[in-house]
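Enquirer: Return atomic coordinates for the entry below.
(chains A and B)
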2 protein chains.
Amino acid sequence: MSRVRVAAFSVSLDGFGAGRRQDLNNPLGVRGTELHGWFFQTEVFKKMHGQSGGKLGVDNDVATQSFENVGGWILGRNMFGPVRGPWKDESWKGWWGANPPYHTPVFVLTHHVRAPLVMEGGTTFYFVTDGIESALRQAKEAAGDRDVRIGGGVSTIRQYMAAGLIDEMHLAFAPVLLGEGEHLFNGMNLHDFGFAPFKTTMGENAMHVFLRK
Amino acid sequence: MSRVRVAAFSVSLDGFGAGRRQDLNNPLGVRGTELHGWFFQTEVFKKMHGQSGGKLGVDNDVATQSFENVGGWILGRNMFGPVRGPWKDESWKGWWGANPPYHTPVFVLTHHVRAPLVMEGGTTFYFVTDGIESALRQAKEAAGDRDVRIGGGVSTIRQYMAAGLIDEMHLAFAPVLLGEGEHLFNGMNLHDFGFAPFKTTMGENAMHVFLRK
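Expert: The predicted structure follows:
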């Protein structure tokens, strides 16, 4: 059955899913990369970036699973890029180069119209200007029997959580203190939303908690 | 060297160190006991409560270490008991029965004067009415070369953190969503306070992160 899920989303000990001040030099915000140390070391991450090597093990297994059976992605605009306001031109094509790691339709939430962007490897970015429900409807249609993965960032996940539209979340708790940044939980009561952990897997460098409604 | 430390302090995924509404029936607040599932299963916990059995392993090891080399404890009043306001009588002697699991002098922060309370097994509760620095001074004197352990609860730890008086913290992140309760981090920037993880140990039922300044 098709699920709407968040997967392999890294969170700091103090609850931040990204650092502050995202920009071209800090796609994940200041110190945001530290959240993803567990992932950057895995074989699956290295492969995605055309490198060999990388670690096998629990972290690699859950990261691999996070990409399986995904038929459509949803990203917030800030996860797509550092550009703010109207698209000045078509030059920004995402953080990931010519062949992004999605290989499915990707629906990017934005307030500013832009034509679809066909990339190598099966990724097409569609820019959705009529809200999160519309993006989800389109992603579900694209995904068919497969899952829709809400990629992030924090603001996008929070919007879908608050709207009750997420079925499952795999959060990777990294042993990092950010101190400030974008908080995933503040002002949200995930327990009241009906989420509860149904599986916990201790990785080499993160604790992986799987939550379901 | 004597250190001031927090040890084996359980925190939920969403950052709560206790549930809401502590009372006689919920010493740890509503659902607070869920935070300590990893600890309740250990051999060291069972032994402390005169029971046999219990699990060995990583969780048991770090729980055991949390009690080692401790020469004095500091507790907030709510961790000592559910009584609020002036002590009506001397009948409340803590949650732990005649032989509490401290076996050292224990300094209880309170606004209300009370005579020291000598328990079995080497525990004496001293009621400190002149503030956290005074309690720490007395605990350090009692501990000598050994460590002072700040037992909790959340409010007590936050006060000592904010005052810059804690050297080391071992937090046990439990795969539990509380949704509400007493938050350990909110409004506090532990990174700015100088804390950073120096060791992470994956337990059977919690992720143990050791922070140091």
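
Enquirer: give me phi/psi at A:Ala206?
Expert: phi -160, psi 160 (degrees, to the nearest 10).

Enquirer: What is the burial count for it?
Expert: 29 (other CB atoms under 10 Å in any protein chain shown). Any C-beta I mention is one placed from the backbone N, CA and C, and that applies to glycine too.

Enquirer: and what of A:Thr104?
Expert: The burial count for A:Thr104: 21, using other CB under 10 Å.

Enquirer: who touches it in this structure?
Expert: Counting by CB atoms under 8 Å, 6 or more residues apart in numbering or on different chains, A:Thr104 makes contact with A:70-73, A:122-123, A:142-143.

Enquirer: Same check on A:Asp14?
Expert: A:177-179, B:15, B:185, B:190-191.

Enquirer: how far away is it from B:Gly187?
Expert: 11 Å (CB to CB, to the nearest Å).

Enquirer: So what does the residue nearest the centre of chain A look like in phi/psi?
Expert: Using CA atoms, centre = their mean, the residue of chain A that lies closest to the mean C-alpha position is A:Gly151, 2.2 Å off. Main-chain dihedrals, A:Gly151, degrees, to the nearest 10: phi -70, psi -30.

Enquirer: about what we covered before: of the contacts of A:Asp14, which is the most crowded?
Expert: Neighbours here mean other CB under 10 Å. Within these, the largest count is held by A:Leu178, at 27 neighbours.

Enquirer: Regarding it, what is its secondary structure?
Expert: coil (DSSP: H, G, I helix; E, B strand; the rest coil).

Enquirer: A:Met48 against A:Asn99, yeah?
Expert: No: counting by CB atoms under 8 Å, A:Met48 does not reach A:Asn99; the two are 9.5 Å apart.

Enquirer: out of those two, which sits in the busier spot?
Expert: Comparing A:Met48 with A:Asn99 by other CB under 10 Å, the one with more neighbours is A:Met48, at 17 against 14.

Enquirer: What separation do you get for the closest residue to that one other than its chain neighbours and A:Ser155?
Expert: The shortest distance from A:Met48 to any non-neighbouring residue, by CB to CB, 6 or more residues apart in numbering or on different chains, is to A:Pro101 (4.6 Å). A:Pro101 sits at a distance of 21 Å from A:Ser155 (criterion: CB to CB).

Enquirer: what's next to the top strand by length along chain A, contact-wise?
Expert: Looking across chain A with DSSP state E, the single longest strand is strand A:4-12. The set of residues external to strand A:4-12 that reach it, using CB under 8 Å, 6+ apart, is A:17, A:34-36, A:38-39, A:62-63, A:65-67, A:70, A:136, A:140, A:147-150, A:152, A:157, A:160, A:165-174, A:176-178, A:181, A:184, A:206.

Enquirer: Can you list which of these are found in helices?
Expert: A:38-39, A:62-63, A:65-67, A:136, A:140, A:157, A:160 (DSSP state H).

Enquirer: Mind checking which of these are buried?
Expert: A:38-39, A:62-63, A:66-67, A:136, A:140, A:157, A:160 (16 or more other CB atoms under 10 Å in any protein chain shown).

Enquirer: farthest-separated two in those residues?
Expert: A:Trp38 and A:Lys140 (29.6 Å; CB to CB).

Enquirer: picking that back up, can you verify the residue nearest to A:Met48 is assigned to a strand?
Expert: No: judged by three-state DSSP, A:Pro101 forms no part of a strand; its state is coil.

Enquirer: Please verify my assumption that it contacts A:Lys46.
Expert: No: in this structure A:Pro101 lies outside contact range of A:Lys46 using CB under 8 Å: 11.8 Å.

Enquirer: which bits of chain A sit near chain B?
Expert: Residues of chain A found near chain B (CB under 8 Å from any CB of the partner chain) are A:13-15, A:171, A:173, A:175-180, A:185-186, A:189-192, A:195-197, A:200, A:202-205, A:207, A:209, A:211.

Enquirer: redo that, cut-off 7 Å
Expert: Within chain A, the positions adjacent to chain B are A:13-15, A:173, A:175-180, A:185, A:189-192, A:195-197, A:200, A:202, A:207, A:209 by CB under 7 Å from any CB of the partner chain.
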